[in-house]
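Peer 1: Take a look and give me a structure for this.
(2 chains)
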Number of protein chains: 2
Amino acid sequence: MSDTKVYILDHGEMTAKEYFLYWNATGEASIRLPAYSVLIDHDDGLFLFDSGFDFCQMEKLVPGLCKQSANQTLPAQLSLLGKRPSDITHVVNSHYHADHVGGNKHCLHARTICHACELEQARYPEPFEAFGYSDTSFAPGLRSGDPELDIYTPTFETLRGDQEIARGVFLFETPGHTKGHYSLMVKLGGRRPMLFTADAAYTTRTVERMQIASLHFDPIASIRSIVRLKELSEKHDAELFFGHDIDQFGHYRLGPAYYS
Amino acid sequence: MSDTKVYILDHGEMTAKEYFLYWNATGEASIRLPAYSVLIDHDDGLFLFDSGFDFCQMEKLVPGLCKQSANQTLPAQLSLLGKRPSDITHVVNSHYHADHVGGNKHCLHARTICHACELEQARYPEPFEAFGYSDTSFAPGLRSGDPELDIYTPTFETLRGDQEIARGVFLFETPGHTKGHYSLMVKLGGRRPMLFTADAAYTTRTVERMQIASLHFDPIASIRSIVRLKELSEKHDAELFFGHDIDQFGHYRLGPAYYS
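Peer 2: Have a look, this model is predicted:
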């Protein structure tokens, strides 16, 4: 039986307009969005799925729209569990938007795993994607033009297709929001599998109303990925954990508590 | 020397939020959008490029956001030139969004020309496109499932690729806003060619800032089409007439005056 543990680490909040969260929605309300990462304590290592945002990077990008207390940084959240960034063996990134990679730079001993298309897109983004891919601190040489120089600091491992990266830890291709987006599912010994959608589905509303994110690479792929997440959830009896659902987040068990 | 005449017919105004006109823009101002059609009086026939909106259809779609006086309907605008809808020999549609097809149904003797992909997409739209393709009065049988029944009323002629549909009248593929979008260029005897972008570029700002429409089928194709329009404009020394630019529209010569 798996003795894998899953910790959800709280990295603060962002605020965005309704029409920015939901493509072509007309609402102008400001909506709160949690940012979190997922730590998987597994026999094969300590896996971190996404790493929240770096407050200073976000202040440059969207001034005044983010909150992160001193105990919501990645190092502070890990310390709640008695761990340090250098203990992380694998960083897995759903995608490279700024609110998902801010803590990567602290994990200097980790192998970083992502979709091959995602790394390529982060290097050569479309003009309309530059905003999302604005924090390149996870790989300082990313846009230097020299593929051998800094891009492998820390070490990258790029994947394609669905993958079981460790026993019971699955990456599923869910492109659309970005070109190489992965969602992650973890099977546990004592409960239903947890399926972390990341930004393939921001919230419950995304799935219920099929309202994709306004920020996207391919709207048709985005729709297909939402359908796929629903199907995966049914097939595996997995619980969906959305990327930025403030209401659902209120019910999460947060570190140092865990799921197992 | 060409004695072709181009009339711009005024079909009223719409209002939309800035963030709806420009994808991922944050402005919430309400912006006025003109709707117009282009009548080309040519040796080979009377060509109508787009046909404005039908007020009642738009009221169902976006209540309270459109204005169209009795003399801004297609029949009324044609009567200013001493013409009737039944005189139109060819309706050419840039795409099948509701604000471009409202007058089609009056042109009962016309052959209707569009891109093959566009007709297909109007028949089987993606869920997020249903809003745009909501006026199907131009082809009552469009979604009946019977391709032979009503879809060829009026007669459709579908094209692919760039085409010179009459001497000096060119269709250029500019997809992205919709799957099968065409822009149209007319060469005239006495002035620079007129390049009607339709919704491949709503306004001057679209081109200057490369801000594509929030409503789109493919954002990458949208960007490429804006680049293409710039290149076509330079290559042919053509003047760009944008699809919905209220400031530019204020300088148009409107029917019964004409360009030649």
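Peer 1: Assess the claim that A:S94 and A:D199 are in contact.
Peer 2: Yes - A:S94 is within contact range of A:D199, at 6.6 Å (criterion: Cβ atoms under 8 Å). All C-beta atoms are positioned from the backbone trio N, CA, C, and that covers glycine.
Peer 1: shared neighbours of those two, anything?
Peer 2: A:100, A:181, A:243 (Cβ atoms under 8 Å, 6 or more residues apart in numbering or on different chains).
Peer 1: ok, and the closest non-adjacent residue to the second one?
Peer 2: Counting by Cβ to Cβ, 6 or more residues apart in numbering or on different chains, A:H181 lies nearest to A:H95, which is 4.7 Å off, once chain neighbours are set aside.
Peer 1: Tell me which stretches of the stretch 51-200 of chain A form strands.
Peer 2: For the stretch 51-200 of chain A, the strands defined by DSSP state E, counting those that start in this stretch cover A:66-67, A:90-92, A:111-115, A:156-159, A:163-166, A:169-173, A:182-186, A:194-198.
Peer 1: I'd like to know which of those has the weakest mean confidence.
Peer 2: The weakest mean pLDDT among the strands of the stretch 51-200 of chain A belongs to strand A:156-159, with a mean of 92.
Peer 1: Tell me if I'm right that A:N93 and A:N104 touch.
Peer 2: Yes - look at A:N93 against A:N104 with Cβ under 8 Å: they come within range, at 7.2 Å.
Peer 1: Quickly list what's touching both of the two.
Peer 2: With contacts defined as Cβ under 8 Å, 6+ apart, the residues shared by A:N93 and A:N104 are A:51, A:112, A:138.
Peer 1: Just list the residues touching the closest residue to the first one other than its chain neighbours, thanks.
Peer 2: Of all residues not flanking A:S51 in the chain, A:G103 sits nearest, at 3.0 Å (Cβ to Cβ, 6+ apart). With Cβ under 8 Å, 6+ apart as the criterion, the residues that contact A:G103 are A:11, A:37, A:48, A:51-52, A:54, A:73-75, A:85.
Peer 1: Swap in 10 Å and give it another go.
Peer 2: Listed by Cβ atoms under 10 Å, 6 or more residues apart in numbering or on different chains, the contact set of A:G103 reads A:9, A:11, A:37, A:48, A:50-54, A:73-75, A:77-78, A:85, A:88, A:91, A:137-138.
Peer 1: export the strands of the stretch 51-200 of chain A to a markdown table and tack on mean neighbour count and distance to A:P256?
Peer 2: Listed next are the strands of the stretch 51-200 of chain A as a markdown table, based on neighbours: other Cβ atoms under 10 Å in any protein chain shown; distance: least, Cβ to Cβ, whole Å:
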| stretch | mean neighbour count | distance to A:P256 |
| --- | --- | --- |
| strand A:66-67 | 18 | 21 |
| strand A:90-92 | 25 | 20 |
| strand A:111-115 | 22 | 25 |
| strand A:156-159 | 16 | 29 |
| strand A:163-166 | 16 | 22 |
| strand A:169-173 | 21 | 21 |
| strand A:182-186 | 25 | 18 |
| strand A:194-198 | 24 | 17 |
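Peer 1: Which of these sits closest to chain B?
Peer 2: strand A:66-67 (15.4 Å; Cβ to the nearest Cβ).
Peer 1: who's in contact with that closest one?
Peer 2: Applying Cβ under 10 Å, 6+ apart, the contact partners of strand A:66-67 are A:11-15, A:32-33, A:35, A:53-59, A:99.
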